[in-house]
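*Asks:* Could you look at this predicted model? Sequence included:
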Amino acid sequence: MDNHTLITPENGLKYFFFENFSDKNQLSEFNCSIEEYNEYLKIDALRSQKDHIAFTLLLREKETDKLIAYMSLIADAIKLSIAEKSLHSLDYPFKTIPAMKVAKLATNNKFREKYKGIGSFMLYSACTMARECNKKYMASRFLTVDADIEHDANILNFYEKNKFFVNEELYTRNRKTVSMRKDIYS
């Protein structure tokens, strides 16, 4: 029997809330399966935020205030092939198209048994934030990510399930990451 609570865009904020990262956050309980991501959160995220390199959001459980997941967002621009531009009806002479990038995304191992769909909820939330940014501050057509295939060979399936596509213009087989995009308006 599956005892997971399925998290969806409709119910995510019933269980969780987002908190802006700061030097006051308690991070010691966070542990994901990738040590590099744990270290980023505990050592580098604050400096990156203070230097205006990355903006980190923490997802906390309402009931316990426990740290469930985090994501760091940055500005981005991607090159698209002519075919990729055509797929998205982008008939512009620009070499690059504006985007918001999920630079880091990690889920606390302790909560993988309790909740299912946290990563997808985080991506949905990032798309929502990008659309809100479009309404008020600057343009962002895509949500991008460098899928970390070095640490998880199946990560491409996760992003594809969430409607991300490989950026053909940037794809090479000898990389530790694969550049992917999601059109936030399709």
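*Replies:* Thanks, I have it.
*Asks:* tell me the pLDDT at Leu41?
*Replies:* Reading off the confidence values, Leu41 has pLDDT 95.
*Asks:* quick check: longest helix of this protein.
*Replies:* Longest helix of the chain, by residue count under DSSP state H: helix 118-136.
*Asks:* Dump that one to PDB, keeping only the CA atoms.
*Replies:* Extracted in PDB, the C-alpha atoms of helix 118-136 (Å, rounded to 0.1, in the frame of the first residue of the first chain):
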ATOM      1  CA  ILE A 118       7.500  17.600  -4.500                       C
ATOM      2  CA  GLY A 119      10.000  18.100  -7.400                       C
ATOM      3  CA  SER A 120       7.100  18.600  -9.900                       C
ATOM      4  CA  PHE A 121       5.500  21.000  -7.500                       C
ATOM      5  CA  MET A 122       8.700  23.000  -7.300                       C
ATOM      6  CA  LEU A 123       8.900  23.200 -11.100                       C
ATOM      7  CA  TYR A 124       5.300  24.200 -11.300                       C
ATOM      8  CA  SER A 125       6.000  26.900  -8.700                       C
ATOM      9  CA  ALA A 126       9.000  28.200 -10.700                       C
ATOM     10  CA  CYS A 127       6.800  28.400 -13.800                       C
ATOM     11  CA  THR A 128       4.300  30.400 -11.800                       C
ATOM     12  CA  MET A 129       7.000  32.700 -10.600                       C
ATOM     13  CA  ALA A 130       8.300  33.200 -14.100                       C
ATOM     14  CA  ARG A 131       4.800  34.200 -15.300                       C
ATOM     15  CA  GLU A 132       4.400  36.600 -12.400                       C
ATOM     16  CA  CYS A 133       7.800  38.100 -13.300                       C
ATOM     17  CA  ASN A 134       6.600  38.600 -16.900                       C
ATOM     18  CA  LYS A 135       3.600  40.600 -15.600                       C
ATOM     19  CA  LYS A 136       5.600  43.000 -13.500                       C
END
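*Asks:* What residues sit buried inside the helix or strand of the chain with the lowest mean pLDDT?
*Replies:* In the chain, no helix or strand scores lower on mean pLDDT, DSSP states H and E than helix 82-87, which sits at a mean of 87. Neighbour-count burial for helix 82-87, counted by 16 or more other CB atoms under 10 Å, picks out 84-85. C-beta here means a position set from N, CA and C on the backbone, and glycine is covered the same way.
*Asks:* Helix or strand next in line after it, which one?
*Replies:* strand 96-107 (DSSP states H and E).
*Asks:* got the contact list for the residue nearest the centre of the chain?
*Replies:* Note on the chain: the residue nearest the mean C-alpha position is Val102, at 3.7 Å, using CA atoms, centre = their mean. Going by CB atoms under 8 Å, 6 or more residues apart in numbering, Val102 touches 71-73, 122-123, 126, 143-145.
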